[in-house]
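Asks: From the sequence below, what's the structure:
(chains A and B)
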Amino acid sequence: MNESVNRRDFLKTFSLIAGSSVIIGSMPWLQGLNAQENSDKTVRIGMIGMGSRGMYLYLMLKDIPNMEIKCVCDDYEPHLANALEAVGPQAKGYVDYRQMLEKEQLDAVVIATPLHKHVGPTIDSMNAGLHVFCEKSMARTIEDCNEMVKAHQNTGKILYVGHQRMFNIKYHQAYKMIKEGKLGDITQIRAYWHRNNDWRRPVPSPDFERKINWRMYHEYSCGLMTELASHHIQVANQIYDQYPEYVWGSGSINHWKDGREVYDNVNLVYKYPNNSHLVYDSLISNKQYGLEVQVQGPKGTMELELGKMWEEFPPPAPGMLSLINHLEHKLFDAIPVGGASWVPDDAVSRKGNWIIDEVLDNDGTKMQMEAFVSDVRNNRVDSYITQQGFYSSVATLMGFNAMHRNEIVYWPEGLAM
Amino acid sequence: MLKDTVIKASRKKHELLILLYCFIGANIFNLVGIIMYSTPAKELFTQLHVVLLLSLVFYIVIAFFRILYWSVAKLIKRSKA
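Replies: Prediction:
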């Protein structure tokens, strides 16, 4: 069996963190990376949607052994031309994905179209007997997400949703530590994603405005929610092992007043059944704090993007060092004139510990594509990854609806998979 | 030309003895820390690297005061002469 170096590195690092087989055993969607391949069969893939994300996925796919990109499809000519040039003459180009499905002999498709165009190719491909990798979020509406899940269940075909943190080794170690109770029962997750750019792309003519800048319009996108928040909501769902009961929040356009419809800042609180919360905010007018997922419990805190953990009550320093520290404070600290009646709750300034020592230079996307190709080759269908994509997409859309309607939005009754 | 300096055996013994006192002093310091902060007794051994470092610090501090004493004494002697 041929394996890429990255996959080997991933598994090697996994073996370094305690009990790799135990972790993989408890995370069935990783079986594709760990299991022996049943054959050397070449997996034939068609790619639908060759914009920036589609091209990124192509770069993650192209070096996977025993995998061939047979064709690419995009209804925007410059994207299609760019993709054909990158993939090479062996790949055919299509403007209409239906024609591609009809003419090509494929095993799977990778879909990275604009959000509102996920549902059609996904369902049609599964109905045509193909496995599907679909970028997150799943779809523009909860109804469409549900239809995609039904197609997955009816056809028995793989439906991956692009939540690459499920394949990020740092996150796996964090989940393991959280399950072991290192932070205690998780009481709150705070997450944010801050950038400072307008997201607007240049258009060759005003006719292409809505096609190129689809992220700006409600008809096609929920902006920050579907583009960014869905990742962190998936992480929260996975940590709580639940989906949220309800959400409320507020969003507005307070900086990029350029005719866009989607919010440029969003603020939400998700309530989970175990009385825990996800507090989330995102904006594109300040990048000071970047992005982070802070997981908090009575015993400690983890910052998952950074990959660090802080204990609430760390083991005491050796006696001698405490004594030296004490004498140092006695000798050099300023003498307070009056006793403080109130001590400010300053943030803890300890350095914390790295969640794992060895960090692979990969956000998980490469591993996710490797796992997808392996699962396609071995016809290994696992619904957990679909479920995670489904629940995070529904929660993401609930968040958008809560802000848009200015009301508390509850999880749709009976919606589950 | 630099002068040849001779370090006598008695001087070496004297310096080693000071270093030993410093080491004992650092161990006592460690013991006080363990008692004061109720930390595990095994720190008597696990913190040996810090004890050695502290011994060296003590020795350097003592050396500083000794050099200061010699310098002042030499100055007084010279002024009297």
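Asks: and the longest helix for the chain?
Replies: By default, I'm working from chain A. Scanning chain A for the longest helix, with DSSP state H as the assignment, gives helix A:384-405.
Asks: ah, no, chain B please
Replies: helix B:48-80.
Asks: Next, name the residue at the spatial heart of chain B.
Replies: The residue lying closest to the centre of chain B (Cα atoms, centre = their mean) is B:Tyr59, at 2.0 Å.
Asks: That one contacts B:Leu20, correct?
Replies: No. At 10.0 Å, B:Tyr59 does not count as touching B:Leu20 under the criterion of Cβ atoms under 8 Å. In short, each C-beta sits where N, CA and C put it, glycine included.
Asks: Checking the closest residue to chain A within chain B next. Helix, strand or coil?
Replies: Here chain B gets closest to chain A at one residue, B:Gly33, 3.4 Å apart by Cβ to the nearest Cβ. Assigned state for B:Gly33: helix (three-state reduction, DSSP: H, G, I helix; E, B strand; the rest coil).
Asks: Pull the contacting residues for it.
Replies: B:Gly33 makes contact with A:Pro318, A:Gly319, A:Met320, A:Leu321, A:Ser322, A:Leu323, A:Ile324, B:Thr39, B:Glu43, according to Cβ atoms under 8 Å, 6 or more residues apart in numbering or on different chains.
Asks: quick one: contacts for the fourth one?
Replies: Just to be clear, that refers to A:Leu321. B:Gly33, B:Gln47, B:Val50.
Asks: and residue 58, what pLDDT?
Replies: In the absence of a named chain, chain A is used. At A:Tyr58, the pLDDT value in this model is 97.
Asks: I was after chain B.
Replies: In the predicted model, B:Phe58 carries a pLDDT score of 96.
Asks: Spatially, what comes nearest to it if we skip its sequence neighbours?
Replies: The shortest distance from B:Phe58 to any non-neighbouring residue, by Cβ to Cβ, 6 or more residues apart in numbering or on different chains, is to B:Cys22 (3.9 Å).
Asks: Confirm that that neighbour sits in a helix.
Replies: Yes. Checked against three-state DSSP, B:Cys22 lies within a helix.
Asks: is it true that it touches B:Tyr59?
Replies: Yes. If you go by Cβ under 8 Å, B:Cys22 and B:Tyr59 touch, sitting 4.6 Å apart.
Asks: ok, back up a step: how far away is the residue nearest to B:Phe58 from B:Val61?
Replies: 9 Å (Cβ to Cβ, to the nearest Å).
Asks: Which of the two has more residues huddled nearby?
Replies: Per other Cβ atoms under 10 Å in any protein chain shown, whichever of B:Cys22 and B:Val61 has more neighbours is B:Cys22, with 22 against 11.
Asks: The more buried one and B:Ile28: what is the separation?
Replies: Going from B:Cys22 to B:Ile28 by Cβ to Cβ gives 11 Å.
Asks: got it, and A:Met398?
Replies: Applying Cβ to Cβ, the value for A:Met398 to B:Ile28 is 65 Å.
Asks: A:Asp124 too?
Replies: 81 Å.
Asks: out of the two, which sits in the busier spot?
Replies: A:Asp124 (17 against 11).
Asks: What pLDDT does the model give the more buried one?
Replies: pLDDT for A:Asp124: 98.
Asks: dump the residue contacts of it.
Replies: Contacts of A:Asp124 (Cβ under 8 Å, 6+ apart): A:Tyr97, A:Arg98, A:Leu101.
Asks: Low-confidence ranges, the stretch 201-350 of chain A, go.
Replies: Low-confidence segments of the stretch 201-350 of chain A, defined by pLDDT under 70: A:335-344.
Asks: got the buried residues for stretch A:171-189?
Replies: Across stretch A:171-189, burial judged by 16 or more other Cβ atoms under 10 Å in any protein chain shown covers A:Tyr171, A:His172, A:Gln173, A:Ala174, A:Tyr175, A:Lys176, A:Met177, A:Ile178, A:Lys182, A:Leu183, A:Ile186, A:Ile189.
Asks: Among these, which lie within strands?
Replies: The strands, defined by DSSP state E, take in A:Ile189 from the buried residues of stretch A:171-189.
Asks: Next step: the buried residues of stretch A:171-189 restricted to helices.
Replies: A:Tyr171, A:His172, A:Gln173, A:Ala174, A:Tyr175, A:Lys176, A:Met177, A:Ile178.
Asks: Nearest to A:Ala139 among those residues?
Replies: A:Ala139 has its nearest neighbour among these in A:Tyr171, at 24.4 Å by Cβ to Cβ.
Asks: Hmm, A:Asp281 and A:Gly251 touching each other?
Replies: No. Using Cβ under 8 Å, A:Gly251 is not in contact with A:Asp281, being 9.6 Å away.
Asks: the more surrounded of these two?
Replies: Taking other Cβ under 10 Å, A:Gly251 and A:Asp281 do not tie; A:Gly251 has more neighbours (25 against 20).
Asks: looking at this, the more buried one is in a helix?
Replies: No. Looking at A:Gly251 with three-state DSSP, it is strand, so not inside a helix.
Asks: quick one on the thing from earlier: what packs against the longest helix of chain A?
Replies: Applying 3 or more Cβ pairs under 8 Å, 6 or more residues apart in numbering or on different chains; DSSP states H and E, we find helix A:384-405 packed against helix A:142-155, strand A:159-161, helix A:230-240, strand A:246-252, strand A:265-271, strand A:409-410.
Asks: for the ones you listed, which one sits closest to chain B?
Replies: Short answer: helix A:230-240, nearest of these by Cβ to the nearest Cβ, at 34.5 Å.
Asks: Remind me what the closest one packs against, helices and strands.
Replies: Short answer (3+ Cβ pairs under 8 Å, 6+ apart): helix A:230-240 packs on helix A:169-179, strand A:188-194, strand A:277-283, strand A:291-297, helix A:384-405.
Asks: list the buried ones in it?
Replies: Going by 16+ other Cβ under 10 Å, helix A:230-240 has these buried residues: A:Ser230, A:His231, A:His232, A:Ile233, A:Gln234, A:Val235, A:Ala236, A:Asn237, A:Gln238, A:Ile239, A:Tyr240.
Asks: from the chain's centre, how far out does the helix or strand hosting A:Ser322 sit?
Replies: Assessed by DSSP states H and E, A:Ser322 sits inside helix A:319-332. On the basis of Cα atoms, centre = their mean, to the nearest Å, helix A:319-332 sits 46 Å off its chain's mean C-alpha point.
Asks: Give the partner strands of the following helix or strand past that helix in its sheet and their orientations.
Replies: Counting by DSSP H and E, the element after helix A:319-332 in chain order, helix or strand, is strand A:353-354. Partner strands and pairing direction for strand A:353-354 (DSSP bridges) are strand A:308-311 (antiparallel).
Asks: still on that earlier bit, need the buried residues of helix A:230-240 in JSON lines (columns: distance to A:Trp354).
Replies: Shown next, in JSON lines, are these (distance: Cβ to Cβ, whole Å):
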{"residue": "A:Ser230", "distance to A:Trp354": "27"}
{"residue": "A:His231", "distance to A:Trp354": "22"}
{"residue": "A:His232", "distance to A:Trp354": "21"}
{"residue": "A:Ile233", "distance to A:Trp354": "25"}
{"residue": "A:Gln234", "distance to A:Trp354": "23"}
{"residue": "A:Val235", "distance to A:Trp354": "18"}
{"residue": "A:Ala236", "distance to A:Trp354": "22"}
{"residue": "A:Asn237", "distance to A:Trp354": "25"}
{"residue": "A:Gln238", "distance to A:Trp354": "21"}
{"residue": "A:Ile239", "distance to A:Trp354": "19"}
{"residue": "A:Tyr240", "distance to A:Trp354": "24"}
